[in-house]
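Visitor: Got a predicted model here, sequence first, then my questions.
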Amino acid sequence: MNRHERLAGLLELVIERESVHVDDLVRELGVSAATARRDLDELAEQQLITRTRGGATTAPGSSDLPLRYKTTRHAEEKTRIAREAASLVEPRAVVGLNGGTTTTEVAREIAVRPELRGPAPGDEVVVVTNAVNIANELAVRPHLRVVVTGGVARALSYELTGPLATPILERISLDVLFLGVDALDVTRGAAAQHEGEAAVNGAFVERANRVIVVADSGKLGRTAFAAICGIDAVDTLVTDTGADRALVREFRHSGVEVVRV
């Protein structure tokens, strides 16, 4: 386990249990007490946890993990989901991508698909995103045209939010939107933990001819703080084979095409 994975695992333990002791980390992560204390100190300095005598507890907002700490969660599932999602993009399409680890993987898969490299200027795929990390990765690809919304960048997700993020979306149309979510429920629809992200994501949904939610099975059947859209706005769900079969049936009964990979 490298340092990045260790910190991610440690942070998830704190969030899951709300309180941990150094002795627990030594036993479960297989690290020394000194290493566990240093890792806890580092996470506390970043205000991701609250340090206590002999351990740590959750900090306000710590359930909203920073993107860099979420990249190792469900990594294999996200790769399969992203590859399947990218295969649904047609040449010369206008594609929307909001922020998140799964949509970042979708962006990477789109970038390397040879079928999307148009032979002439004007044949390129257009990617519209409010995620600065996605824009940074795709901007160097000459066969893609990248459009970035305005807004204020959130440190946790790299997404641009706020009133400056939506005006451009009111003036464009998307052929397809790949929507990353924190939760997807048949009754309550798609949702995010942060209301600013949810508002921008909802604006993306309104401008898309087809909405494809990309989410690992751990996000299905759950709810989150801020609504993005109802389930009736979702055309397709691309998820992994670990998705609960009963939930899959409910989504399909609601009119959502479900692709399990």
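Guide: Great, that's in hand.
Visitor: Do a quick rundown of the helices in this protein.
Guide: All helices of the chain, identified by DSSP state H, fall at 3-17, 22-29, 33-45, 67-70, 75-86, 101-111, 132-138, 195-206, 245-253.
Visitor: just flag whichever of those has the lowest average confidence.
Guide: The minimum mean pLDDT among these belongs to helix 67-70 (a mean of 53).
Visitor: residues in contact with the nearest residue to residue 176 once chain neighbours are set aside?
Guide: The spatially closest residue to residue 176, leaving aside those adjacent along the chain, is residue 210, at 4.6 Å (CB to CB, 6 or more residues apart in numbering). Bear in mind the C-beta positions are built from the backbone N, C-alpha and C, glycine included. Counting by CB atoms under 8 Å, 6 or more residues apart in numbering, residue 210 touches 175, 176, 177, 235, 236.
Visitor: so what's the third one up against?
Guide: By CB under 8 Å, 6+ apart, the contact set of residue 177 is 95, 96, 97, 98, 204, 205, 207, 208, 210, 211, 212.
Visitor: what is the nearest residue to the last one once chain neighbours are set aside paired to in the beta sheet?
Guide: Closest residue to residue 212 apart from its sequence neighbours, by CB to CB, 6+ apart: residue 236 at 4.4 Å. The residues paired with residue 236 through beta bridges, assigned by DSSP bridges, are residue 212, residue 257.
Visitor: you'd agree residue 236 is up against residue 255?
Guide: No - distance between residue 236 and residue 255: 10.5 Å, which falls outside the contact criterion (CB atoms under 8 Å).
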